[in-house]
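Participant: Show me the folded form of this:
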Amino acid sequence: MPFREAFRLAFQTIWANKMKSAFSVIGVFIGVTFLIAVVSVVEGMNRYMTERFAGALLGVNTFQVRRFPDFNVGDVTDDTWREWVRRPRISQDDARALETAFSVPVTTAWETDAGADLEYRGNVAREINVIGATPGYFDIKGWRITQGRAFSHQEAETGRPVVVIGHEVAERLFEGADPLGREVRIQHIPYRVIGVVESQGTIFGLSLDKFAVAPALSPVKRFVTRPGYVDAVLVKAETAADVATAIIEAEAVLRSRRQLRPGEENNFVLETADAVLDFWGNINRVLMTALPGLVLISLVVGGIVIMNIMLMAVAERTREIGIRKSLGARRNDILRQFLVESGTLSTVGAGFGVGTGIVLAMVVQATTPLPASVAPWSVGVAILLGAGVGIGAGLYPASRAARLDPITAIRHET
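Facilitator: Numbering: from 1, shown residues only. Reported below is the predicted structural model:
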């Protein structure tokens, strides 16, 4: 029997027994749906973490010099926390020394920040991240200013009360009106708005546009940190190789300034996005290790169901098999027919599972902060798994049907 004829008979049988066929493929359907949906979310998270999350946290080719880590991805013991708190703060003199310490081209900036409310004529933007920074901050963050400008070096050095605000802050305070030149109050101190940053969107549902940036030496210094200190020095290089060089040079400068002896641990941290990405990489490996086992359970259940259904089909069609064999059908013809039928059943189930998994991934992306990206390889794997499960599960029923004696089969009464 040609494969084309076998496929035709298989589809006829599936169509004639719709309910039975539906129950046959439900295990494969669930397994493939789960595979596509989970892999899509994991792939989306991979792209999100590497392309967006890490960039939004620190920026590309960027590191921070801080008193202790700003991003903690594991449990911090009480002893570790107490050791961090005892460390000396990063001083403005440390920051100035770092600005001139590098042999590779870099952009540097200071950063201090604290939460505060911004007010404008009765409108209040609450819980805004107020940042005191130097002009290089905007270049390091890669922000584009859509209205107005960033503050100048002269304004930064003289501590002028000017501010650049995030898109969401502008919407809350000015409700569509032009914010440039208007005065907002930060901790009851008037600041003139000179710029608005392009919307940065969200990360896991958290807005990236709730900030206001003022010169580090402006009156904002009174509440964002202790006088004479900064929270962090940001350093951005042109290439990853330059970042590695700059980190070594920054470490040498601070160790020298703090008179740390060889072998003593640093009492500061040089922070990159690698720790966050490594943490996510560990989670990703666990997920991708556990995923095959969970999918395999569903596929094994689906295979058992298909095998039982096919054994029932063999029992119900014993007389038909006997007639076909008496008319010249060979063992291979009978074997091929039942294998194609079981393989077609599971492949159809896998196809529906792929479609449902893609829809489910799109729903997750649309209704939750989790990103999703369908991986083409997962679709191919899902279809191959579906076909493989069907053929494997149908092998025993097909061989049993092929071995039937035609005379005994014809006499069989269903």
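
Participant: Assign the residue nearest to P161 when sequence neighbours are not counted to helix, strand or coil.
Facilitator: Spatially, and ignoring its direct neighbours in sequence, P161 is nearest to Y191 (4.8 Å; C-beta to C-beta, 6 or more residues apart in numbering). All C-beta atoms are positioned from the backbone trio N, CA, C, and that covers glycine. What DSSP: H, G, I helix; E, B strand; the rest coil gives for Y191 is strand.

Participant: What count of nearby residues applies to T158?
Facilitator: Look at T158: counted by other C-beta atoms under 10 Å, it has 11 neighbours.

Participant: Once you drop chain neighbours, what's closest to L98?
Facilitator: V233 (5.2 Å).

Participant: Could you identify the helix or strand that succeeds the host helix or strand of that neighbour?
Facilitator: Using DSSP states H and E, V233 maps to strand 232-237. Using DSSP H and E, the next helix or strand after strand 232-237 towards the C-terminus is helix 240-257.

Participant: For that next one, which outside residues touch it?
Facilitator: Helix 240-257 has contacts (C-beta atoms under 8 Å, 6 or more residues apart in numbering) with 61-63, 65, 94, 97-98, 101-106, 233, 235, 237, 266, 268, 270, 272.

Participant: Out of these, which sit inside helices?
Facilitator: 94, 97-98 (DSSP state H).

Participant: In ChimeraX, how would I select just the buried ones from the contacts of helix 240-257?
Facilitator: Buried residues within the contacts of helix 240-257, by 16 or more other C-beta atoms under 10 Å, are selected in ChimeraX with:
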select :61,62,63,65,94,97,98,101,102,106,233,235,237,268,270,272
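
Participant: So the closest residue to G228 other than its chain neighbours versus T112, what's the distance?
Facilitator: Leaving out its chain neighbours, the residue that sits closest to G228 by C-beta to C-beta, 6+ apart is Q92, at 5.6 Å. Q92 sits 10 Å away from T112, going by C-beta to C-beta, to the nearest Å.

Participant: circling back to that earlier point, could you dump the ones in helices among the contacts of helix 240-257 to a markdown table with pLDDT and distance to A315?
Facilitator: What follows is the ones in helices among the contacts of helix 240-257, written out as a markdown table (pLDDT from 0 to 100; distance: C-beta to C-beta, whole Å):
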| residue | pLDDT | distance to A315 |
| --- | --- | --- |
| D94 | 93 | 83 |
| A97 | 93 | 86 |
| L98 | 92 | 81 |
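
Participant: Closest one of these to F223?
Facilitator: F223 lies nearest to D94 out of the ones in helices among the contacts of helix 240-257, by C-beta to C-beta, at 21.1 Å.

Participant: what helix or strand does the closest residue to L299 other than its chain neighbours sit in?
Facilitator: Nearest non-adjacent residue to L299, counting by C-beta to C-beta, 6+ apart: G31, 4.5 Å away. Take DSSP H and E as the rule and G31 turns out to sit in helix 18-47.

Participant: measure T289 to V295 for me?
Facilitator: T289 is 12 Å from V295, by C-beta to C-beta.

Participant: Sorry, slip of the keys, the one I care about is V389.
Facilitator: To V295, V389 is 11 Å away according to C-beta to C-beta.

Participant: Compare these two and say which one has the larger neighbour count.
Facilitator: Taking other C-beta under 10 Å, V389 and V295 do not tie; V389 has more neighbours (31 against 22).

Participant: quick check, that one in a helix?
Facilitator: Yes - looking at V389 with three-state DSSP, it is inside a helix.

Participant: residue contacts, it?
Facilitator: Taking C-beta under 8 Å, 6+ apart, one finds 28, 299, 302-303, 306, 346 in contact with V389.

Participant: Pick out the most distant pair among those.
Facilitator: By the measure C-beta to C-beta, L299 and I306 form the most distant pair in those, at 10.1 Å.

Participant: hang on, the earlier thing: would you confirm that the residue nearest to P161 contacts G181?
Facilitator: No - using C-beta atoms under 8 Å, Y191 is not in contact with G181, being 11.6 Å away.

Participant: Tell me which of these two has more neighbours.
Facilitator: Neighbour count, other C-beta under 10 Å: between Y191 and G181, Y191 has more, with 25 against 9.

Participant: Distance check, the more buried one against D333.
Facilitator: Distance from Y191 to D333, by C-beta to C-beta: 86 Å.

Participant: what are the ranges of the helices in the stretch 101-250 of the chain?
Facilitator: 136-141, 153-158, 167-174, 221-224, 240-257 (DSSP state H, counting those that start in this stretch).

Participant: Can you tell me which of those is nearest to E83?
Facilitator: Per C-beta to C-beta, nearest to E83 of these: helix 240-257, 16.8 Å.

Participant: shaky segments in the stretch 1-150 of the chain?
Facilitator: 1-18, 20-21, 23, 50-59, 72-74 (pLDDT under 70).

Participant: Give me the contacts around stretch 150-166.
Facilitator: 118, 128, 134-135, 138, 145, 148, 173, 179, 184, 186, 189-197, 200, 208-219, 221.

Participant: Just the buried ones out of those, please.
Facilitator: 118, 128, 134-135, 138, 148, 173, 179, 184, 186, 191, 193-197, 200, 208-219, 221.
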